[in-house]
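> quick check, what structure comes out for this input:
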Amino acid sequence: MKIKQFCVGDIGTNCYLIYDEASLEGAIVDPGDNADKLLNEIDTLHVTLKYILLTHAHFDHILAVGAIKRATNAQVVVSKKDAYLFDAAASLSPFGAYGRQLMDQFDFPGADIWAEEGTEVTFGGMKAKFLCTPGHTPGSCVIQLDDSVLFTGDTLFCQSCGRTDLPGGNWREMLQSLKRLYELPGDYRVLPGHEGLSTLEQERTSNPYMLQAIRG
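Presented below is the predicted three-dimensional model:
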């Protein structure tokens, strides 16, 4: 298993390319911008992209989805509960003038697979499983890759968690989702949607929002 991390877009979203070195089958998580850069890397590595996996549908996680799907025919997997964000106006209007500047870049083709709790896709001998973790958006998910990695999107960050003040956000649900992640058995690499990487055990020990969540 190989995982390559890219920081894309003005907001600095973490995008991850996952592939098997033997079969060269792969998937990409949250391609939020810079489609040309991502497609060049996919082409350079000769990866056959099977899936575009989305932790949620905020614009900074999906702006490159249309271009990547057209180039690779990969299937888009996202929660139906975030379908309200597929519309450019709904997705970008909360961001004012900055959002209006991005209108002509908004190019989201919709979903091929609706992710629900426990939805699984396989590629290159790996299994990606969707865990529903609402709070940041109603359809926010954590993607569990085998028993080793959690792509936590904007649910769990290193020493922090995602904001809940945008339309569809819910602080109570965020705390429930953080508690759920705390209670997952074992340890995982935590690869979030923004900022630095971590491990689940590190977050269990010292993330103030996760600790608040388990105190109830």
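
> point to the residue nearest the middle of the protein.
For the chain, the residue nearest the mean C-alpha position is T55 (2.9 Å; C-alpha atoms, centre = their mean).

> just give the nearest non-adjacent residue to it, would you?
Nearest non-adjacent residue to T55, counting by C-beta to C-beta, 6 or more residues apart in numbering: G153, 2.6 Å away. Every C-beta, even on glycine, is put in place using the N, C-alpha and C of the backbone.

> who's in contact with the one you found?
Residues in contact with G153 (C-beta atoms under 8 Å, 6 or more residues apart in numbering) are 30, 55-56, 61, 133, 136, 140-143, 162, 192-193.

> let's go with 6 Å and repeat that
55-56, 140, 193 (C-beta atoms under 6 Å, 6 or more residues apart in numbering).

> over to D82?
By C-beta under 6 Å, 6+ apart, the residues touching D82 are 56-57, 137, 139.

> most surrounded residue in these?
T137 (29 neighbours; other C-beta atoms under 10 Å).

> scan this protein for its longest helix.
Secondary structure of the chain per DSSP state H: the longest helix is helix 171-182.

> elements contacting it?
Helix 171-182 sits against helix 208-215, with contacts defined as 3 or more C-beta pairs under 6 Å, 6 or more residues apart in numbering; DSSP states H and E.

> give me the angle between the helix it packs on and helix 171-182.
90 degrees (axes from the mean of the first three to the mean of the last three C-alpha atoms, to 10 degrees).

> what sits up against helix 208-215?
161, 175, 178-179, 182, 203.

> and those, which are buried?
Listed as buried from those are 161, 175, 178, 182, 203; burial here means 16 or more other C-beta atoms under 10 Å.

> returning to that earlier point: hmm, who's touching the longest helix of the chain?
133-135, 155-156, 164, 204, 209-210, 213-214.

> and the residues you listed, which is closest to A97?
The shortest approach to A97 among the contacts of helix 171-182 belongs to T164, at 23.1 Å (C-beta to C-beta).

> so what does that closest one look like in phi/psi?
For T164, the backbone dihedrals (degrees, to the nearest 10) come out as phi -130, psi 20.
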